[in-house]
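In: how would this look folded up:
(chains A and B)
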Amino acid sequence: MKVEVKLIATYREYLPPECKGKTMMEVEEGTTAVSLLTSLGVPIEESVVLVNGRSPQPNEPLTEGVTIASFSAIAGG
Amino acid sequence: MNTLNGWYGRILRVNLTNQTYKVETIDPQTAKDYVGGRGWAIKYLMDGMDPAADALSPENMLIFATGPLTGSPAPTGNRYMVVTKSPLTGILSNSNSGGDFPTWMKRTGFDMFIFEGKAESPVYLWINNDEIEFRSADHVWGAQVPETTDTLLAETDKKAKVACIGPAGENLVKSAAIMNDKDRAAARSGVGAVMGSKNLKAVVCQGSHKIGMADSGNMRSLSREMHKTVGEASKTSVLRIYGTPYVPDVTNELGILPTRNFQTGRFEGVENINGHALNENFLIRPGACFKCPIVCNRITKVETPGYEGEGEGPEYESIGALGSACGVDNLAAITKANYYCNEYGMDTITVGMTIACAMEMYEAGIIPESDIGKPLKFGDADGMIEFVIKTALREGFGDKLAEGSYALAESYGHPEYSITAKKLEFPGYDPRGAKGMGLLYATSNIGASHMSGDLAYAEVFGTPEKLDPLTTENKAELIARFEDAFTLIDATGLCVFLSVRYVFDDDVMLWPTRMTELMNLTTGADYTPETLLQAGERVFNLERLFLLKAGVTKADDTLPKRILEEPLTVGPAAGHVVELDQMLPRFYEVRGWNEDGVPTPEKLAELGLS
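Out: Predicted coordinates:
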């Protein structure tokens, strides 16, 4: 199924430059946001992970058309 | 004579009416109990003025306050507070700034300056070690911030540092800021108008005093270690690489980016106004406040025809207020508007959000075009810029904008269009998608402010842990803790950007372990994390007493109708409002206040405030 991946700010580097931080990806049923991001090299322990803008449950499988976003859990503005 | 460390225990009290001054000492217990900065300032404000006094009258006290860690070796030990009664809100102001000036202020040998009365004609203060001079400012009255700074440095000491107002402060614009080092701002609450009302154009500081330290050896080595750790980490961190402009993508994803006066939380133009757009188009390099290892400032230049300029910023809040809130996705225009705010000396948040409010009321047919002089719709970048300037000059419709969004909306019979709490415009987080922030906005002692207890660190940014922004459970306890912790940071003189990650314990939410170490090595005052956090609580409660005496009641601990009753319609927070009534009673309880939001006698006794 197809999902959208958005990597924000410094996390753009985990996708090819021409993506500018955004891409559609084809994933297998049962894939979780964390496993997908990990496969891209995102350091999960220091990241915020969002699925359609909300924190996913642990082991929650992705569904068709969702947007997975991630950024460094540093801070502030 | 006090032999304090970290603090000098010397306060300069200036009588602008008579052009005289006094040097006062502070007793060590008071110094310790109120920590410094924001804490000392509210103590002196409560003891020295009637909170019901008019903010633009000579009776208002204008206080510049450093903390014991300002001018210390600690990384980011370089902040100061401007504390006074606000002419915009009628309550307290707690404006904070960095740059270089705070360290130079500490080098004068004073912890705090208190300005009282009103000068007969424009003056500036030249404070050079122990020489304090009142000088005429006639020749710079009317000048913008950069020219004022350069002129005054040339006639005092080119290595001194300047805090000053621009034309906006002189014109008593309610969003006027006090600028230092040209583009750092003590911005919110119209503190610049208070300075202008006193005919005080600038304060210039130079000196060679150094603070004593209780254990200078260990303080220096701990500080060195922190500088190294923070410096290393920041090389790859978002704050250095993108600055706060990385935030629009985050808040947009969460559906809380203020868009068109908080009509919605997702902005279709966000990719044109994010950190990538800034870096690609206008960033010269990151910049730093004095000796800061984080390096979050944005040194920028715009060459786009019609918007040429250079300076610092825009920061996230400015991108929100002058950009998405106004429906503007032209980053050159936003950056130029930001430069104007720095040059005229104004708070980008109140300025931008007030224009956004006017745009919505114009589109709704409430403000007639004849009042404005032309159409003013969302998305009008040049109109936004024009009215930023007119606000500063109180020209035409700018005279109404200069009063802030609440007065503007109320004058047209529709105060509900002003998205404010206690008349201070919301910053860049729509609380319908970050409900703890909603409770914060409703209970902060300066009105809607993210800096009063920024739970967005947890609800939005995942530090120290990611909280669900859409629930109300436990938010009362967390907001009270964050408020006390951020009050403490404002009292010490450290920057929030260091503090949230490096001076609190990760295991217990905002427990000030390392902060205690830094404070004790510097002051020798034997704080524990408990007594430090309690000092934050003490200051917060004393501020609440100021508000109550200024006329605030529990009816003011509220949010606009839109935020309480009109759900967001897109994004992850679609369908949500702020259920303030589910959080506020518990907040009063947690704080030890009665159900009218008044601190109980028991709580006051516990804090030594009886």
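In: mind listing what the closest residue to chain A within the stretch 301-450 of chain B touches?
Out: Nearest residue of the stretch 301-450 of chain B to chain A: B:Tyr316, at 3.7 Å (Cβ to the nearest Cβ). Using the backbone N, CA and C atoms, a C-beta is placed for each residue, glycine as well. Each residue near B:Tyr316 by Cβ atoms under 8 Å, 6 or more residues apart in numbering or on different chains is listed here: A:Gly77, B:Thr244, B:Pro245, B:Tyr246, B:Val247, B:Pro248, B:Gly428.
In: separation between the third one and chain A?
Out: Noted for B:Pro245: a distance of 8 Å to chain A, by Cβ to the nearest Cβ, to the nearest Å.
In: Looking at the contacts of B:Tyr316, which one is closest to B:Lys301?
Out: B:Pro245 (15.0 Å; Cβ to Cβ).
In: Tell me the residues on the stretch 501-610 of chain B that lie near chain A, please.
Out: B:Arg501, B:Gly571, B:Pro572, B:Ala573 (Cβ under 8 Å from any Cβ of the partner chain).
In: Neighbour-wise, which one of the contacts of B:Tyr316 leads?
Out: The member of these surrounded by the most neighbours (other Cβ atoms under 10 Å in any protein chain shown) is B:Val247, with 30 neighbours in all.
In: isn't there a helix covering that residue?
Out: Yes. Checked against DSSP: H, G, I helix; E, B strand; the rest coil, B:Val247 lies within a helix.
In: which residues touch the closest residue to chain B within chain A?
Out: In chain A, the residue that lies nearest chain B is A:Gly53 (3.0 Å; Cβ to the nearest Cβ). Each residue near A:Gly53 by Cβ under 8 Å, 6+ apart is listed here: A:Thr67, A:Ala69, B:Glu253, B:Leu254, B:Gly255, B:Gly571, B:Pro572, B:Ala573.
In: Helices - which of those land there?
Out: Counted as lying in helices by DSSP state H, out of the contacts of A:Gly53, are B:Glu253.
In: Can I get the buried part of the contacts of A:Gly53 as one PyMOL selection?
Out: Selection of buried members from the contacts of A:Gly53 for PyMOL, criterion 16 or more other Cβ atoms under 10 Å in any protein chain shown:
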select buried, (chain A and resi 67+69) or (chain B and resi 253+254+255+571+572+573)
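In: Turn the contacts of A:Gly53 into a markdown table, columns for distance to B:Ala333 and pLDDT.
Out: Below are those laid out as a markdown table (distance: Cβ to Cβ, whole Å; pLDDT from 0 to 100):
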| residue | distance to B:Ala333 | pLDDT |
| --- | --- | --- |
| A:Thr67 | 29 | 97 |
| A:Ala69 | 27 | 97 |
| B:Glu253 | 24 | 97 |
| B:Leu254 | 25 | 96 |
| B:Gly255 | 25 | 98 |
| B:Gly571 | 25 | 97 |
| B:Pro572 | 29 | 97 |
| B:Ala573 | 28 | 98 |
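In: Narrow the contacts of A:Gly53 to those in strands?
Out: A:Thr67, A:Ala69 (DSSP state E).
In: Could you check the pLDDT of the residue of chain A closest to chain B?
Out: Per-residue pLDDT puts A:Gly53 at 95.
In: Spit out the contact partners of B:Ser452.
Out: B:Asn94, B:Leu440, B:Ser444, B:Asn445, B:Ile446, B:Glu483, B:Phe486, B:Thr487 are the contacts of B:Ser452 under Cβ under 8 Å, 6+ apart.
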